[in-house]
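here's my sequence, what's the structure:
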Amino acid sequence: MIRIGTRRSLLAMTQSGHVADLIRDRLGREVELVEITTDGDRSQAAGTPLADTPASGTGVFVSALRDALLAGEVDVAVHSLKDLPTYPQAGIALAAVPEREDPRDVVVARDGLTLGELPAGSRVGTGSPRRAAQLAALGLGLDVVGVRGNVDTRIGKVRSGEYDAVVLARAGLARIGRLDEVTETLDPLQVLPAPGQGALGIECRATDELVDALAALDDPRTRAAVEAERAVLATLEGGCSAPIGTLAEVVEGDDGDELWVRAVALSPDGAVAVRMSATGATTEAVEVGTRLAKEMLAEGADALGSEAGHDV
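Modelled structure (predicted):
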């Protein structure tokens, strides 16, 4: 029996259930879901702003799952990959990254409106400094305000009239069957997603025999794309704290698959941005992402900084 540790939210349970199905289908193993409560879940339940929680930052929803993994309480942990820190965790292996959902952001707005159709001054909710900065950069005159809670809570604020719209990850809505709520899917030319958005990270203990077995769940194209995006993030985090968006795509080239990576670092108000792209071989994904980020730092991304916070 393989025990999968999961957060208790609907989205986390759905994601873990998807991985459980993959394990049953591809490995022929029985699976049990084990619910783990994280500091991030407790702070959301209490209504505490994410930045005020002790575990705020990239790994706010990760540490409790990893603790349970290392303690032998579970055998596998499933994360939204954008939540995983870019630095390695001793004793833990990122064993598989399954095929990615659509990584783009979406709008859920009143009256079926798009961002461009919302009147100036409309209240648009997001818990992400990355989204807030890019929305401000669009110059639509929107009032971008913070929002916490799960998908139902956020969409509920639109239905109640408290907000005119919220911006969410399309992948989360797809996984819980709520795509009918979407009024606009944002082009990455307007709003680049968070590094790893739409992808899942499957972790196990580094010494466990599951490391090799779980490799059957890995999607090479998704793995290459998210490795490039995470390399962008890791390199930029070393030199700036600006909101960061990035998206890597695998395209067919003359000599096989190629990687195309786009990234943006912005001032928190979206007034200043460094946007660049790079291409390279999928086998050199980390190198491509690192090179792109270094070029962005050289172009002034390191001067955009503030305590930008994590993308939620």
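
apart from its neighbours in sequence, what residue is nearest T126?
Spatially, and ignoring its direct neighbours in sequence, T126 is nearest to V167 (4.7 Å; Cβ to Cβ, 6 or more residues apart in numbering). Any C-beta I mention is one placed from the backbone N, CA and C, and that applies to glycine too.

and the one you found, how far from E249?
To E249, V167 is 21 Å away according to Cβ to Cβ, to the nearest Å.

so the two - more neighbours on which side?
Set V167 next to E249 and count neighbours by other Cβ atoms under 10 Å: V167 wins out with 25 against 15.

ok, and what's touching the host helix or strand of the more buried one?
Secondary structure assigned from DSSP states H and E places V167 in strand 165-169. With Cβ atoms under 8 Å, 6 or more residues apart in numbering as the contact definition, strand 165-169 has outside contacts at 103, 105-110, 113, 115, 118, 122-126, 128, 131, 135, 147, 151, 154-155, 157-158, 183, 186, 191, 193-194, 197-198.

what does stretch 173-186 give?
Taking Cβ under 8 Å, 6+ apart as the criterion, the residues outside stretch 173-186 that touch it are 10-11, 14-15, 18, 101-102, 104-109, 112-115, 151, 155, 165, 167, 170.

buried stuff in that stretch?
Burial within stretch 173-186, assessed by neighbour count using 16 or more other Cβ atoms under 10 Å, is assigned to L173, A174, R175, I176, R178, E181, V182, T183, E184, L186.

tell me which helix or strand comes right after the strand holding V167.
Sequence-wise, the next helix or strand beyond strand 165-169 is helix 170-175, with elements assigned using DSSP H and E.

tell me the strands beside the helix or strand that that following helix is followed by, with direction?
The C-terminal neighbour of helix 170-175 among helices and strands, as given by DSSP H and E, is strand 184-185. Applying DSSP bridges to the sheet, strand 184-185 is found paired with strand 105-109 (antiparallel).

can you dump the C-alpha coordinates of the strand it pairs with into PDB?
Extracted as PDB, the C-alpha positions of strand 105-109 are listed here (Å, rounded to 0.1, in the frame of the first residue of the first chain):
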ATOM      1  CA  ASP A 105      -4.300  32.500 -15.600                       C
ATOM      2  CA  VAL A 106      -8.000  33.100 -16.000                       C
ATOM      3  CA  VAL A 107     -10.500  35.700 -15.000                       C
ATOM      4  CA  VAL A 108     -13.800  35.100 -13.300                       C
ATOM      5  CA  ALA A 109     -15.800  38.300 -13.600                       C
END
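
check the offset of that strand from the chain's centre.
Relative to the chain's own centre, strand 105-109 is displaced by 16 Å; criterion: Cα atoms, centre = their mean, to the nearest Å.

what's the answer for stretch 151-162, then?
21 Å.

what of stretch 281-293?
Here stretch 281-293 is found 19 Å from its chain centre; the criterion is Cα atoms, centre = their mean.

can you mark which positions in it are buried?
Of the residues in stretch 281-293, those buried under the neighbour-count criterion (16+ other Cβ under 10 Å) are T282, A285, V286, E287, V288, G289, T290, R291, L292, A293.

which of the contacts of stretch 173-186 are buried, as a PyMOL select command?
Provided next is the PyMOL selection string for whichever of the contacts of stretch 173-186 are buried by 16+ other Cβ under 10 Å:
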select buried, resi 11+15+101+102+104+105+106+107+108+109+113+115+151+155+165+167+170
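
still on that earlier bit, of the contacts of strand 165-169, which belong to strands?
Counted as lying in strands by DSSP state E, out of the contacts of strand 165-169, are D105, V106, V107, V108, A109, R123, V124, G125.

quick check: the gap between the second one and T246.
It refers to V106. Separation of V106 from T246 (Cβ to Cβ): 18 Å.

repeat for the last one
Between G125 and T246 the computed distance is 23 Å (Cβ to Cβ).

the two: which is more packed in?
When neighbours are counted by other Cβ under 10 Å, T246 comes out ahead of the other of G125 and T246, with 32 against 25.

hmm, that one is touching P195, no?
Yes: A contact is recorded between T246 and P195 when judged using Cβ atoms under 8 Å, the distance being 5.1 Å.

pull the helix or strand with minimum mean pLDDT from the chain.
The least trusted helix or strand in the chain, going by mean pLDDT, DSSP states H and E, turns out to be helix 39-46, with a mean of 53.

next helix or strand past that one?
Reading on from helix 39-46 to the C-terminus, the next helix or strand found by DSSP H and E is helix 63-70.

okay, the angle between the helix or strand following that following helix and helix 63-70?
Following the chain from helix 63-70 toward its C-terminal end, the next helix or strand by DSSP H and E is strand 76-80. Between the direction of strand 76-80 and that of helix 63-70, the angle (axes from the mean of the first three to the mean of the last three Cα atoms, to 10 degrees) works out to 160 degrees.

many thanks, I have nothing further to ask.
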